[in-house]
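>>> I'll drop the sequence and a predicted model, then ask my questions.
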Amino acid sequence: MPSPTFVIMKFYNINWKGFKKLIHIDAYRLEKEEELLHLGWEKLINDPENFILVEWPERVEGIIPKDARRVYFKHAI
């Protein structure tokens, strides 16, 4: 499977708890929150069948819905 690191947005077909698409967004290379709008952000977040994961959410924090959930990963050796 290709790494999504080199693309800003990658779609995966899923069938899990009512979700049909997993959308992985790597916001690291976005300079402004508004860049998400050019990617169809409003349509993506308004589709209840989309499960959206945003890497580097702090770069686009103002455009992420207030009811979004945040997941933290901790690297352990």
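Noted; the coordinates are in hand.

>>> tell me how far residue 67 lies from residue 45.
Remark: distance between residue 67 and residue 45 (C-beta to C-beta, to the nearest Å) = 10 Å. (Each C-beta comes from the backbone N, C-alpha and C, glycine too.)

>>> which one of these two has more residues nearby?
More crowded of residue 67 and residue 45, by other C-beta atoms under 10 Å: residue 45, with 16 against 5.

>>> got a pLDDT number for that one?
Predicted confidence (pLDDT) for residue 45: 97.

>>> try residue 3
On pLDDT, residue 3 comes in at 55.

>>> same thing with residue 6?
71.

>>> what's the following helix or strand after the helix or strand of the chain with the lowest mean pLDDT?
Sorting the helices and strands of the chain by mean pLDDT, DSSP states H and E puts helix 35-38 at the bottom, at a mean of 94. Counting by DSSP states H and E, the element after helix 35-38 in chain order, helix or strand, is helix 41-45.

>>> and that following helix, what does it pack onto?
strand 50-55 (3 or more C-beta pairs under 8 Å, 6 or more residues apart in numbering; DSSP states H and E).

>>> off-centre distance for the strand it packs on?
Put simply, strand 50-55 sits 3 Å off its chain's centre (C-alpha atoms, centre = their mean, to the nearest Å).
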